[in-house]
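Participant: Here is my input; please provide its structure:
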Amino acid sequence: MRQIYENYTTEDSEVWKILFDRQMKQFPTHACEAYREGLKIANFETGVIPDFKETNEILEKTTGWQLAVVPGIVPDYTFFELMANCRFPATTWLRKMKELDYLEEPDMFHDVFAHVPLLTNQHFVNFLEELSKIGLEYVGNDYAIQLLSRVYWFTVEFGLIQEETGLRIYGAGILSSAGETKFSLSEEPPKHEFSIEHMLDTAYRKDVFQTEYFITESYEQLFDSIPEIKRLLAEKLTKVKV
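Facilitator: Residues are numbered from 1 along each chain as shown. Next comes the predicted model:
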């Protein structure tokens, strides 16, 4: 599959612009430094839908990653196999104007605007690659994938990071949501120290704002947690004999 750029409509461009501008107003005080730097590297602009060819050239030069076009949510094996080979699965379709605030399935704004900037951070993509390799080992084991998805969810999608300037967002699920961008950093939801064991024991829902978040100290900490993820996952599977 490939991105057919000429197929984008005027509404698509307007949707991208509205979503882009809305998030950019919040990001100086909400988004993490690595994301904001990555946004500059990716050269994303208001009203201009990214061209995957240009984005891939930038990513290739920066961290060696690429975007791989997919139709939507893909099977576990495809998802992990792509990222284990430094290819991030991304859709090319954009939500409609009536869906600005809620979408059941991730669209291009989520996959590209929210994820791509951090794909320019080497420590972060190293974590993503190794986490995906673990996923490949357990494809077909539903319980193992469920546990591993919790780590992915509370880091890559809904992670917070403590920076010198304060608590900031690096999770793409938050960065693509205007409402959750504000909510996640408010005093309302509980926030926990980074703990793989706690994440593995914490279920989540996709249809509401998260009820709790985990705070990492650095992207190096994410990568360094890979051995612990392997160990704790194996221990849990041994206990239930899955």
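
Participant: all helices for this protein, in order.
Facilitator: With helices called from DSSP state H, the chain shows them at 10-30, 33-42, 52-62, 76-84, 108, 122-137, 142-152, 172-175, 178-184, 196-200, 219-224, 226-240.

Participant: As CSV, these with distance to Trp93 would be great.
Facilitator: Every residue, glycine included, has its C-beta placed from N, CA and C. Written out in CSV, the entries for the helices of the chain read as follows (distance: least, C-beta to C-beta, whole Å):
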stretch, distance to Trp93
helix 10-30, 8
helix 33-42, 19
helix 52-62, 13
helix 76-84, 18
helix 108, 6
helix 122-137, 23
helix 142-152, 23
helix 172-175, 17
helix 178-184, 20
helix 196-200, 31
helix 219-224, 30
helix 226-240, 32
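
Participant: Tell me which of those helices approaches Glu164 most closely.
Facilitator: Among these, the nearest to Glu164 by C-beta to C-beta is helix 33-42 (8.9 Å).

Participant: avg pLDDT for stretch 16-25?
Facilitator: Across stretch 16-25, pLDDT averages out at 96.

Participant: ugh, wrong one, I meant stretch 209-218
Facilitator: Stretch 209-218 shows an average pLDDT of 97 in the prediction.

Participant: Name the residues that touch it?
Facilitator: 123, 154-155, 158-162, 167, 170, 179-180, 183-184, 189-195, 198-199, 202, 204, 222 (C-beta atoms under 8 Å, 6 or more residues apart in numbering).
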